[in-house]
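Enquirer: Predicted model and sequence below, questions to follow.
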Amino acid sequence: MSLETYRLTEEPRYHPSADEVALYEAAYQMRLPVMLKGPTGCGKTRFVEHMAWKLGKPLVTVVCHEDMTASDFVGRYLLGPEGTYWQDGPLTRAVRHGGICYLDEIVEARQDTTVIIHALTDDRRILPLEKKGELVRAHPDFQLVISYNPGYQSVLKDLKESTKQRFCALDFDYPAAPIEAGIVASESGLNQQDAERLTRIAGKSRNLRGKGLDEGASTRMLIHAGRLMVAGLPIADACQFALITPITDDPEMRSTLSAAVDACI
Amino acid sequence: MLVSDGIKAAALSPALRKAFTGPDRDAYLRAHDRLRGAGYGAGIARAFASAAPRVAEHAGAKEAIALAGDASRIAIKARPRVAADYLDLCPGIAMKVCGADDFRQWRGMIVSVLEGSPKALGALLARSEMLLERLGLEALCTWTQTGLRVGGQDSDQALRFFQLETPEAQRLLERYAGEANFPSLETGLKSFHTALWRHEPVLREAIRDGSNHRVRRTGFSNGIIRMPSAFPGFKGQEQRLYRASLAHVGAHAAYGGPRFPLGQLKPLQVAVISLIEDARVETLALCDMPGLIRLWLPFHTAAPDGLATAPNLFAALARALIDPAFQPAHGWVRKGVAMFDCASDRLCDPAISREIGNVLGNDLGQTRVQFDALSYVVQPAYRDDNLGLWDLPDDPEIPPASDEIEADLQDLRQCEPGDRSPDRKQERSTPDTPGLPDAVKIVEAQTEGGRKVFSLPEYDHHAGVERDDWVTVNAYDPIPGAPGFWDALQQRHGTTISRIKTVIAKSETGKRRRLKQQAEGETLDLDAAIDAAVAVRSARQPDPRVYACIMPPARSIAVHLLLDISQSTADPAGPGISILDMERDAAAILAGTMSQLGDDLAITAFSSAGRQDLRVTPVKAFGAPLDETTGRALSGLRSGFSTRIGAALRFASRGMDDVSRYRKLVLLVTDGEPSDIDVADPEYLVADARRAVQHMRSQGIDAVCVALGPEAGQRQSEIFGRKSCVQITDISTLPNTLPAFYLRMTR
């Protein structure tokens, strides 16, 4: 099975904040694994999609969760009518056929499962399929990308030092206000002036990061709010619906955020 | 039936004749006579005769007659004068409350104050109409009960409370009146300021200023914002007002320049310049956050055409500068607006405030409008007192610098270095604050002192209320004891430790389990797979659960161990060893056991010296390693003070909020029943502790108690329930029994 279905057909829109495109291209040229750090909803996934499209490579995305085991990455034996047969996991598929494998929120997966990528991310570039007794050598086009949000995870959920040190890392943050307003406007179809108001509001919520809020409002949230406004909601309602209520359950914090939103509009 | 004195029924006033009929009239006359003959002075009986019919009208004859008994008790326990005051007050109260039942409740409240603190009754009576107005009857009763509790055995303290002289009395009054005040809003305000202006403010409650007047406006200096404890007269709008005030002060910090030099300026000019500066920073802030206008504008209530007094003109100018729709009548105000508009292209320059303010101030000076600087209060209420704008080094209004520095240091201790964002004004003004080196020395010298962590509620079973922020928790850093604690422990209890090790090694706890026949898993379960293959080939439905997986350990426990180190733990538990020594060793062995099991543990030692000082010493925090530091902290524990169990339990359970374990447990080791210096009633603390336990359990935190000594146990099982309490009579066995008990309990 090839990876044709994993190829992106349309260009995912991405607005660079700095020189991250050039950095990534250099890393891909040397097939170095890349780690994307940054808060949720700041455009990490969109960036990988954009780069996969730009480089013309298929993109296999695995969203990690805490019940994830090594078999979920590399594959497992399944039971067929004629006995057992091996089924490649998403990682193995990308390794065999040459694609970019993107492990989203890698720290969510159990720590003992993340070590399977070690042999893939140094100069060996191999993936041992222990259960099958096979050693898969990575296709020349294969590259591993992981994302991780250092903000909200607890100390328990951190990457092992030995894992971290295999990656080049790009630090993502919410784009600067004018760029972010442009993104919100183009993604949601909102006018520039309202988009600027939304980014100003987001700035206020990000001031509370770590001081009552785990994260401020993300660019993604702003786009949602923008779309709601395009659908006809007034800005205060759109912010309440798309930003404030999802972001916190604390009534006092909600009231504070509402007041901050109110101050900006 | 008439009494010796011989008041004839016919001689009674018409009001009395109307109020008391039949047997009530006799009862009234008897009561009146008793008062007269008791020797309290004629005034009391006269007051009774005057009050009784009016009370009878609203609350019934029975209540009116009962006043005589009350008056008599008051005259004996307090003073006859107070009894007369009471009688004079009663008709008004009877009119305000509805019906006999409520009036009886009010009387009961007065009597309870008389019993608890006779000295304070006069003060309460003098204020009771105001209090009743503000609080309503129910809340007034709760408030007075709290006042008696605050006073405890100290009658002066109760007196000050009922005179509303203590900040606590004011604060509780506001709380029970349902008025939001600074403490109740503080957290939200902090976040609001942080959201708007990015950096976290240092907020302080300002109660009295330098001349002991109630603080009415927000002030700021040296990076500290002082807000009034309440804004009376703004009921229902408190939160908006505090927010408006904070947004205004934030605008000063963001757009203000260096402090203005005072020079030879007259108070009038200072006030006008400050007013222009207020408008200038607000206008700038509104460019960035236009919505602030909705926060500020409602507090501008100045009329366009009031009397031309200075306060009216100032309020009108303040409004005119922010409210474009406002049409001021006075020429001076219009001139101010025109000048401000002319300078609109230089708004970023603080100098315009001085320029405009000087001109306007001179104009006003020539019109001979009177300005009384002492009674002047900035309008509208959200604006600050302007002192922070001026360079006033020796102004008595500013509290002594040492205070501020101490507060600042306390704050620094609590937050990470670099946590506070730079504040221009703070940076600039700190170096020239007089007396800085001295103040630092004073603080440094107080290494003995604890650091306030937070306040906890406490339950009063008499009043049936839980009082917020009643107990203050102070954290005391552990005093490092002798090194080598773990080696010494190994010598003392070597056999116990190795025995527990064997028990744990044998037990199944903490092992990974291999699960077969699972619907999902990492490997095929061979037996299940063969069965399924057989089923497929013999055309039967195969069982899809053909996988095996390994489960991580299911055990997930966190324990907060609370060690009672009150004075009584200094008692000997055996030859040469105290109870505290035993607690220490037991805690250490338990900690070892738990780290072997992979359970998370925090150890806190506690004692108390009244409700203002719940003394907690953190020996080990959750997630911290069990090492030499823990050993030294344990061996450094010293006995002293009392045992406020409820508060300690609340403290421990609050500390577990952030711990993500499946089972959470607070384990209290104590040698006696709850007691504290400011509580006379032993039931009070027991009831409170029981309440704390109930609350913890409702939060999913188990509370278990190990009671030490032959006498202990009874009270503890009342608090924790018999099943959650174990009594250890022979204290010297504690190091052995505690871990064993723990293992059994958590199996």
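Expert: Structure's in. What do you need? For clarity, every value in this text was computed on a predicted model and none was experimentally measured.
Enquirer: Give me the residue at the spatial middle of chain A.
Expert: Residue closest to the mean C-alpha point of chain A, counted by CA atoms, centre = their mean, is A:Thr45 at 3.7 Å.
Enquirer: these two touch, right, that residue and A:Asn149?
Expert: No - using CB atoms under 8 Å, A:Thr45 is not in contact with A:Asn149; the gap is 11.6 Å. In this view, the C-beta of every residue, glycine as well, is placed from N, C-alpha and C.
Enquirer: phi, psi of the closest residue to the residue nearest to the centre of chain A other than its chain neighbours?
Expert: Nearest in space to A:Thr45, with sequence neighbours left out and distances taken as CB to CB, 6 or more residues apart in numbering or on different chains, is A:Asp104 at 6.4 Å. Dihedral pair for A:Asp104: phi -80, psi 130, per degrees, to the nearest 10.
Enquirer: For A:Asp104, give me the pLDDT.
Expert: A:Asp104 carries a pLDDT value of 91.
Enquirer: Quick check: bridge partners of it?
Expert: A:Val63 (DSSP bridges).
Enquirer: swap in A:Met35?
Expert: With DSSP bridges as the rule, A:Met35 is bridged to A:Ile146, A:Ala169.
Enquirer: What confidence value was assigned to it?
Expert: pLDDT at A:Met35 comes out at 94.
Enquirer: so how far is B:Asp688 from B:Trp470?
Expert: B:Trp470 is 9 Å from B:Asp688, where distance means CB to CB, to the nearest Å.
Enquirer: what residues are shared contacts of the two?
Expert: Counting by CB atoms under 8 Å, 6 or more residues apart in numbering or on different chains, the residues touching both B:Trp470 and B:Asp688 are B:Glu458.
Enquirer: now the helices for the stretch 151-265 of chain A?
Expert: A:161-164, A:177-188, A:192-206, A:219-230, A:235-239, A:245-247, A:251-264 (DSSP state H, counting those that start in this stretch).
Enquirer: Look at B:His58 and give its secondary structure.
Expert: Secondary structure, DSSP: H, G, I helix; E, B strand; the rest coil: B:His58 is helix.
Enquirer: Reduced to three states, what does the residue lying closest to it once chain neighbours are set aside come out as?
Expert: Leaving out its chain neighbours, the residue that sits closest to B:His58 by CB to CB, 6+ apart is B:Ala94, at 4.0 Å. When classified by three-state DSSP, B:Ala94 comes out as helix.
Enquirer: quick one on the thing from earlier: neighbours around the residue nearest to A:Thr45, how many?
Expert: 19 (other CB atoms under 10 Å in any protein chain shown).
Enquirer: Name every strand pairing with the helix or strand where B:Glu205 lies and say which way it goes.
Expert: Under the criterion of DSSP states H and E, B:Glu205 resides in strand B:202-206. Strand pairing for strand B:202-206, using DSSP bridges, gives strand B:224-228 (parallel).
Enquirer: Export only the CA atoms of the next helix or strand after the partner strand, formatted as PDB.
Expert: Later in the chain than strand B:224-228, the nearest helix or strand by DSSP H and E is helix B:238-255. Below are the C-alpha coordinates for helix B:238-255, written out as PDB (Å, rounded to 0.1, in the frame of the first residue of the first chain):
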ATOM      1  CA  GLU B 238     -19.100  47.400  44.000                       C
ATOM      2  CA  GLN B 239     -17.400  45.100  41.500                       C
ATOM      3  CA  ARG B 240     -17.800  47.600  38.600                       C
ATOM      4  CA  LEU B 241     -16.500  50.400  40.800                       C
ATOM      5  CA  TYR B 242     -13.400  48.500  41.900                       C
ATOM      6  CA  ARG B 243     -12.800  47.500  38.300                       C
ATOM      7  CA  ALA B 244     -13.200  51.000  37.100                       C
ATOM      8  CA  SER B 245     -10.800  52.200  39.800                       C
ATOM      9  CA  LEU B 246      -8.200  49.600  38.900                       C
ATOM     10  CA  ALA B 247      -8.500  50.400  35.200                       C
ATOM     11  CA  HIS B 248      -8.000  54.000  36.000                       C
ATOM     12  CA  VAL B 249      -4.900  53.400  38.200                       C
ATOM     13  CA  GLY B 250      -3.600  51.100  35.400                       C
ATOM     14  CA  ALA B 251      -4.000  53.900  32.900                       C
ATOM     15  CA  HIS B 252      -1.800  56.100  35.200                       C
ATOM     16  CA  ALA B 253       0.800  53.400  35.300                       C
ATOM     17  CA  ALA B 254       0.700  52.800  31.500                       C
ATOM     18  CA  TYR B 255       0.500  56.400  30.300                       C
END
